[in-house]
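*Asks:* Prediction below, plus the sequence it came from.
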Amino acid sequence: MGKKKMPEVNGLETARLNVNDVQRGLRVRIADNDSEHFGDIGMISSAHEGCSCRMGWCRVILDNSKRFPDGAREEFRYGYRGDVSDLLLITKEPKREPIPFLTKKDARDGAIVRVWLGSEDNYRDARRGDGKIIAIKGRWATVRFNDSHKDDYAFGDNYQELILVSPPGPETKAEKEARLKAEREEFEAGKKGIGKKVTPAVAKEGARVQIAPDSDYKYQNRVVGTLREVDVSNKDWIHVKFDDGYENCYRYGRRGGTSDLILIAPAPITE
């Protein structure tokens, strides 16, 4: 079989992909002549190195296309240690619409969403199609799909698993009152956890924490810090920004695991 000609795309420019430049978020084009995705465009979400049966391969989240309207998630060689590369680096491309990730503004009951193929833990749920948000807890949304499957997914600035399909209707007065009541109850419950180890129930953005005296990281900082988003690469860890400017990630007891943090004050209520 002869080498196929790369389809032309107006305004698109590519170059050889440098192995040292491979990183999450890089825009690439598939150059594997034998792949059904030849000529498709996507974004690198992760790369495998070291001792692994997938060494030298990277995962690419492919854009929607006529052939693959729901997008696709595949692995390609990227030239590790002189191996063949299936990818070209995109140096210039036409303006494209950003991915409509779920934002805090639209994260309410009734919003229609679907799981993003780039989710490291839950990408398989993308095939379930659209689902409806039935509950919000901090930066986690509980989604129920048409097949009755229900699960929790993260959303936020640093970790995204959900794409917004249809926003919820305007928040009614009753819904706002119910939301504020729930947040106040969570706030009061959170106050009971002051001085105790942080758990997922109180690990909300804005909560004030300190490193626990029995933590493996107790030497890192002694001042108070503020919880931010769950870590993008490992959801068992959460970002903390301390008052002196230092930032790092710590465990917060997810799935019954270890917690490195002590709660100083619960997250404030947002009107």
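*Replies:* Cool, the structure landed. Here the structure is a predicted model, which means the values were calculated and not measured. Numbering: from 1, shown residues only.

*Asks:* Next, count neighbours for the closest residue to residue 80 other than its chain neighbours.
*Replies:* On the basis of C-beta to C-beta, 6 or more residues apart in numbering, the spatially nearest residue to residue 80 that is not a chain neighbour turns out to be residue 56, at 3.3 Å. No exception for glycine: its C-beta is placed from N, CA and C like everyone else's. Residue 56: 19 surrounding residues under other C-beta atoms under 10 Å.

*Asks:* shaky segments in the stretch 151-271 of the chain?
*Replies:* Applying pLDDT under 70 to the stretch 151-271 of the chain flags residues 156-159, 186-187, 189-191, 230-235, 269-271.

*Asks:* what ranges do the helices span in it?
*Replies:* 173-191 (DSSP state H, counting those that start in this stretch).

*Asks:* Quick one: the strands in it, in order.
*Replies:* Assigned by DSSP state E, counting those that start in this stretch, the strands in the stretch 151-271 of the chain fall at 162-166, 208-211, 225-230, 237-242, 247-251, 261-265.

*Asks:* how about the ones you listed in a markdown table, adding mean neighbour count and distance to residue 140?
*Replies:* Shown next, in a markdown table, are those (neighbours: other C-beta atoms under 10 Å; distance: least, C-beta to C-beta, whole Å):
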| stretch | mean neighbour count | distance to residue 140 |
| --- | --- | --- |
| strand 162-166 | 19 | 10 |
| strand 208-211 | 22 | 18 |
| strand 225-230 | 21 | 9 |
| strand 237-242 | 20 | 12 |
| strand 247-251 | 18 | 17 |
| strand 261-265 | 20 | 18 |
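
*Asks:* Now the ones you listed in a markdown table, please, with extra columns for distance to residue 138.
*Replies:* Formatted as a markdown table, the strands of the stretch 151-271 of the chain follow (distance: least, C-beta to C-beta, whole Å):
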| stretch | distance to residue 138 |
| --- | --- |
| strand 162-166 | 14 |
| strand 208-211 | 14 |
| strand 225-230 | 9 |
| strand 237-242 | 10 |
| strand 247-251 | 16 |
| strand 261-265 | 14 |
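
*Asks:* And those strands: which comes nearest residue 92?
*Replies:* Closest to residue 92 of these is strand 162-166 (C-beta to C-beta; 25.7 Å).

*Asks:* which other helices and strands contact the closest one?
*Replies:* Where contact means 3 or more C-beta pairs under 8 Å, 6 or more residues apart in numbering; DSSP states H and E, strand 162-166 is packed against strand 112-115.

*Asks:* Partner strands of the strand it packs on, with direction?
*Replies:* Here strand 112-115 has these sheet partners by DSSP bridges: strand 131-137 (antiparallel), strand 162-166 (antiparallel).

*Asks:* Identify the residues contacting the shortest one?
*Replies:* Outside of strand 162-166, the residues within contact range by C-beta atoms under 8 Å, 6 or more residues apart in numbering are 99-103, 106, 111-116, 130, 141, 143, 153, 155.

*Asks:* try 7 Å
*Replies:* 99-102, 106, 111-116, 130, 141, 153, 155 (C-beta atoms under 7 Å, 6 or more residues apart in numbering).

*Asks:* Kindly report the same for stretch 137-154.
*Replies:* By C-beta under 7 Å, 6+ apart, the list of residues contacting stretch 137-154 from outside reads 102, 107, 113, 115, 122, 125, 128-129, 131-135, 155-156, 161-162, 204-205, 229-230, 235.

*Asks:* Out of the strands of the stretch 151-271 of the chain, which is closest to residue 181?
*Replies:* Of all the strands of the stretch 151-271 of the chain, strand 261-265 comes closest under C-beta to C-beta, at 20.2 Å.

*Asks:* ok and the closest one relative to strand 247-251, angle-wise?
*Replies:* Computed with axes from the mean of the first three to the mean of the last three C-alpha atoms, to 10 degrees, the direction of strand 261-265 lies at 110 degrees from that of strand 247-251.

*Asks:* For the closest residue in space to residue 93 that isn't next to it in sequence, the count of nearby residues, please.
*Replies:* Closest residue to residue 93 in three dimensions, ignoring its sequence neighbours and counting by C-beta to C-beta, 6+ apart: residue 12, at 4.9 Å. Residue 12 has 17 neighbouring residues, counting by other C-beta under 10 Å.
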